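1. mind looking at a prediction? Sequence and model below.
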Amino acid sequence: MPNPTPKSWLPSANTPHCDFPLQNLPYCAFRTEGMHPHIGIGIGDSILDLNKLSRTGLFRKLGWDIRSACRSNTLNSLIELGTGPASLLRETLTHLLSTSAMPAQVDKVKPTLRPIEGAVFCKPVSIGDYSDFYASIDHATNVGKLFRPDEPLLPNYKYVPIGYHGRASSIRLSGEPIIRPSGQIKNRSSEAPEFCPTAQMDYELEVAAYVRGGRWIKINEAERYLFGISLLNDWSARDIQSWEYQPLGPFLGKSFATTISPWVVPIEALAPYRVPLASRPTGDPTPLPYLTTTEPSAIDLHLEVFLTTQSMRGASLPPHQLSTANLRDLYWSFPQLIAHHTSNGCNLRPGDLLASGTISGPTEGTKGSLLEITQRGTTPLTLPNGETRTFLEDGDEIIFQGHCERPGLPRIGLGDCRGTVTVKKSL
Ligand code: MN
């Protein structure tokens, strides 16, 4: 495990509540003046431009393949190089940004930094395929109770990680407006559905992993196929979803938009926060051998969801916290999801995205969607300014945040994942 104490020569990286200390170094992509996007890493209040840094001579020992990956518009080339080169790059960056860097090195790094404030981010990865899972047993149980009070969990849940193939083309970057979708909606009173805007716009708190390529990946090797993680909002139109989902699962109720945060936190940065997957309650079946691992494969990652409405922002009220959760509460871990996804011979490609599914916890205040919080719209929630919500209204903004924290270690944050619900201006 790397020494957790080194500090950066960049003062903003050493402040206690900073999301991006030297131990994080999350990747991103950002627009440069009139140029193609560059990839970079977050440090303190700044972005280090990897494209620029690769031209300073400081990467001479790293090899042309890593230098070339640093000059790409997305992280795909770096992901494709595998764990060795990515770790080598990370070690080099850690050294160059730490107080142990030589003054001559610092002088070369400084001009490659730019402020995060004012940066225009781009999608960090060109995502070929996106799959969404259902790995939180608390979420599955909460939702199951709404539809089947007598049998909330279906008999397959504890054996097979449930998932579906999502839509990569409509993945949006944090901050892009989310246009309220229209679709077939059937009210209980009428026999036929009508085509109209959704009245049940919802979010889903999720964490997503960018993966390396491979198939038939063994559970004990699955860890090294993880490149990094981001926050993900799987926007859902519940009324469209409930009419269309049988028998083949979600379709247009989900595919209109999915928001990702701009930062990709490397899996190496999360090493100090790895914890064993929670042991299964007595009576639960042991996973089949291809899904069984003794490695610690959960991540102790604290998550938060906030809502602001148009009138809250007008009155300068702070965002209201809707819930918290922790990634360690998942029933299925990311290595299990990777092993399962590829177990039939399906190939993952570098930069594919696997999302956890809505993350809810076992206690009050840990429900990861409005569907659960308002009991499918039957118990509205009241906001501090007296407004109520069952589902999202136009102008509502949803913000996700996440961080790892442990005494003696610096805090590592994931940055924000934001989206505001808007209406389509014209047809
Ligand atoms: Mn989902």
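-> Sure, I can see it.
2. report the central residue of this protein.
-> Taking C-alpha atoms, centre = their mean, the centroid of the chain lies closest to L231, which sits 2.2 Å from it.
3. does the residue of the stretch 1-150 of the chain found nearest the ion belong to a helix, a strand or coil?
-> In the stretch 1-150 of the chain, the residue that lies nearest the ion is D132 (4.6 Å; C-beta to the ion). For glycine as for every other residue, the C-beta is placed from the backbone atoms N, C-alpha and C. Put simply, D132 is strand when judged by DSSP: H, G, I helix; E, B strand; the rest coil.
4. just list the residues touching it, thanks.
-> 163-164, 166, 206, 234, 254, 354-355, 357 (C-beta atoms under 8 Å, 6 or more residues apart in numbering).
5. switch to 10 Å and redo it
-> D132 makes contact with 162-167, 204, 206, 208, 232, 234, 249-250, 254, 258, 353-358, according to C-beta atoms under 10 Å, 6 or more residues apart in numbering.
6. can you classify E206 by secondary structure?
-> Assignment for E206 (three-state DSSP): strand.
7. now do R328
-> Classification of R328 using three-state DSSP returns helix.
8. hang on, the earlier thing: once you drop chain neighbours, what's closest to the residue nearest to the centre of the chain?
-> C417 (3.7 Å; C-beta to C-beta, 6 or more residues apart in numbering).
9. assess the claim that that neighbour and I178 are in contact.
-> No: counting by C-beta atoms under 10 Å, C417 does not reach I178; the two are 11.7 Å apart.
10. and the two? Which one has more around it.
-> Neighbour count, other C-beta atoms under 10 Å: between C417 and I178, C417 has more, with 28 against 23.
11. can you pull up the bridge partners for the residue nearest to L231?
-> F400 (DSSP bridges).
12. repeat that for T259.
-> T259 has the following beta-bridge partners by DSSP bridges: R172, N233.
13. what about it, neighbour count?
-> For T259, the neighbour count with other C-beta under 10 Å is 25.
14. now the strands for the stretch 1-150 of the chain?
-> 27-30, 38-43, 46-49, 113-115, 121-122, 130-133 (DSSP state E, counting those that start in this stretch).
15. out of the contacts of D132, which are inside strands?
-> 163-165, 206, 208, 232, 258, 353-355 (DSSP state E).
16. who touches the residue nearest to L231 in this structure?
-> 173-175, 203, 205-208, 230-233, 259-263, 305, 398-402.
17. what of E397?
-> 175, 177-178, 306-310, 312-313, 319, 418-421.
18. now flag whichever of those is closest to D394.
-> The nearest member of these to D394, counting by C-beta to C-beta, is V421 at 5.5 Å.
19. pretty sure the closest one contacts Q200?
-> No: contact between V421 and Q200 fails when scored by C-beta under 10 Å: they sit 11.9 Å apart.
20. overlap in contacts, the two.
-> 391-392.
21. first to last residue in stretch 388-407, what's the distance?
-> The first and last residues of stretch 388-407 sit 38 Å apart, counting by C-alpha to C-alpha, to the nearest Å.
22. my bad, should have said stretch 91-102
-> First residue to last in stretch 91-102 (C-alpha to C-alpha) measures 15 Å.
23. residues contacting W9?
-> Counting by C-beta under 10 Å, 6+ apart, W9 touches 22, 96-101, 103, 105-106, 109-110.
24. recalculate using a threshold of 6 Å.
-> 99, 106 (C-beta atoms under 6 Å, 6 or more residues apart in numbering).
25. R328 now?
-> Contacts of R328 by C-beta under 6 Å, 6+ apart are 275, 298, 300.
26. could you rerun that using 10 Å?
-> 273-278, 298-302, 359, 361.
27. now, of those, which are buried?
-> 273-274, 277, 298-302, 359, 361 (16 or more other C-beta atoms under 10 Å).
28. dump those into a markdown table; add secondary structure as well.
-> A markdown table is the format used below for the buried ones among the contacts of R328 (three-state DSSP):
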| residue | secondary structure |
| --- | --- |
| Y273 | helix |
| R274 | strand |
| L277 | coil |
| A298 | strand |
| I299 | strand |
| D300 | coil |
| L301 | coil |
| H302 | strand |
| I359 | coil |
| G361 | coil |
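29. these: which two are farthest apart?
-> Using C-beta to C-beta, the two most remote members of the buried ones among the contacts of R328 are R274 and G361, lying 18.8 Å apart.
30. buried ones in stretch 234-245?
-> Residues 234-244 are the ones in stretch 234-245 that count as buried (16+ other C-beta under 10 Å).
31. how about that stretch against the ion, any contact?
-> Yes: residues of stretch 234-245 contacting the ion under C-beta under 5 Å from the ion: D234.
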